[in-house]
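S.K.: below is the sequence, then the predicted model.
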Amino acid sequence: MNILRLILVSLLGYLIYKMVKPLFIGSGRQSARQTTDHTQENIQKKYADKIEDADFEEIDE
Amino acid sequence: MSLDNLHYIAVEGVIGAGKTSLADKLAKTLGAATVLEEFEQNPFLEEFYNDPQRYAFQTQVFFLISRFQQLQDLRQIDMFHNKVVSDYIFEKDRIFATLNLTAKEMKLYDGIARLMEKEIPVPDMVIYLQASTPHLMDNIRKRGRSYEKQIKYEYIDALNELYNKFFFHYNKTPLLVISTDELDFVHSEKDYRDILTEIDNHTAGTRYYIPQKTDRK
């Protein structure tokens, strides 16, 4: 009886672990992706600003 | 200006445009010496592609000094009796610096570059190889240089826009702008001959050569 209870508790624990794990990993991945997207946006904005500010007219004269 | 009267030609373009390939071919045709970028000697280049913010200034200054030394050596050559083809112009560094340096670094860089520019011989003609960013990325991937694997599409795209902006205002020498998306001057003798004809026909100002797909067949 005790062994059966132990097996059931272990099984229940494993099921809870299987259910909860993707939530953490998923949110971690999403968070990493959000950071990458944010960095990407920053780089693109930086490049866009530099292109807009670039003034090559002066040096050719 | 005919090919015979050109003593110093510079080929320009974004990374992967085919500058060195065209410069080599032109040099062979004209019996000219080549002055080629020594990018592989830049010890900061690989680190730069991995961490641009940290290594941008070192990379830029190394290129600036290296190109200055190379082009200053041209002053020793008798240009009336010798021909030279290079795969860059000195001003190209400013395009890269504009994108990669901070405002403070740019100010310092600009001061040094302006002093150097006065000592550099001016080409008889500049050829700008223009290409779309996907085409450039494809060329970069095909040539498979290890340190170029880190190059991002966004970086090449931004460089491409800056190059176009730079050459839109360029008026220092006769300029031939060649659209290379539909050209294969490395493998097609006809495409290469067409470029020679364009160079031969160009006299002053800016000339655009935009071949269409059907022209080659």
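M.R.: Everything's here; your move.

S.K.: the host helix or strand of B:Met116 packs against which elements?
M.R.: B:Met116 belongs to helix B:103-117 when elements are defined using DSSP states H and E. Using 3 or more CB pairs under 8 Å, 6 or more residues apart in numbering or on different chains; DSSP states H and E, the elements in contact with helix B:103-117 are helix B:52-73, helix B:92-100. For the C-beta atoms, the positions are set from N, CA and C on the backbone; glycine is no exception.

S.K.: for chain A, which of those helices is the nearest?
M.R.: Closest to chain A of the helices and strands packed on helix B:103-117 is helix B:92-100 (CB to the nearest CB; 4.8 Å).

S.K.: is any residue of the closest one near chain A?
M.R.: Yes. Between helix B:92-100 and chain A, judged by CB under 8 Å from any CB of the partner chain, the touching residues are B:Arg94, B:Ile95, B:Thr98, B:Leu99.

S.K.: want to throw those into CSV with distance to B:Lys28, neighbour count and pLDDT?
M.R.: Below are these laid out as CSV (distance: CB to CB, whole Å; neighbours: other CB atoms under 10 Å in any protein chain shown; pLDDT from 0 to 100):
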residue, distance to B:Lys28, neighbour count, pLDDT
B:Arg94, 30, 23, 90
B:Ile95, 28, 20, 92
B:Thr98, 34, 22, 91
B:Leu99, 33, 19, 90
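
S.K.: and the residues you listed, which is closest to B:Met116?
M.R.: Here the nearest of the residues of helix B:92-100 next to chain A to B:Met116, counting by CB to CB, is B:Arg94; it sits at 11.0 Å.

S.K.: pLDDT weak spots in chain B?
M.R.: The model of chain B has pLDDT under 70 over residues B:1, B:79-80, B:213-217.

S.K.: residue in chain B nearest to chain A?
M.R.: B:Ala158 (3.8 Å).

S.K.: which parts of the host helix or strand of that residue are buried?
M.R.: Here B:Ala158, judged by DSSP H and E, is contained in helix B:153-169. Counting neighbours by 16 or more other CB atoms under 10 Å in any protein chain shown, one finds that the buried residues in helix B:153-169 are B:Tyr155, B:Ile156, B:Asp157, B:Ala158, B:Leu159, B:Asn160, B:Glu161, B:Leu162, B:Tyr163, B:Lys165, B:Phe166, B:Phe167.

S.K.: alpha carbons only: can I get that helix in CSV?
M.R.: Only the C-alpha atoms of helix B:153-169 are listed here, as CSV (Å, rounded to 0.1, in the frame of the first residue of the first chain):
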residue,chain,number,x,y,z
TYR,B,153,22.3,41.3,-43.6
GLU,B,154,21.4,44.5,-41.8
TYR,B,155,25.0,45.6,-41.8
ILE,B,156,25.5,45.0,-45.6
ASP,B,157,22.1,46.7,-46.3
ALA,B,158,23.1,49.8,-44.3
LEU,B,159,26.5,49.9,-46.0
ASN,B,160,24.8,49.5,-49.4
GLU,B,161,22.6,52.5,-48.7
LEU,B,162,25.6,54.6,-47.5
TYR,B,163,27.6,53.6,-50.6
ASN,B,164,24.7,54.7,-52.8
LYS,B,165,24.4,58.0,-50.9
PHE,B,166,28.2,58.6,-51.1
PHE,B,167,28.4,58.0,-54.8
PHE,B,168,25.3,60.0,-55.5
HIS,B,169,27.2,63.0,-54.4
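
S.K.: just want the angle from it to helix B:92-100.
M.R.: 130 degrees (axes from the mean of the first three to the mean of the last three CA atoms, to 10 degrees).

S.K.: which residues sit against helix B:153-169?
M.R.: By CB atoms under 8 Å, 6 or more residues apart in numbering or on different chains, the surrounding residues in contact with helix B:153-169 are A:40, A:43-44, A:47-48, A:50-51, A:54, A:56-57, A:60, B:12-16, B:52, B:91, B:94-96, B:98-99, B:128, B:130-133, B:136-137, B:140, B:175, B:177.

S.K.: in strands only, show me those residues.
M.R.: Under the assignment DSSP state E, these contribute B:Glu12, B:Gly13, B:Tyr128, B:Gln130, B:Leu175, B:Val177 to strands.
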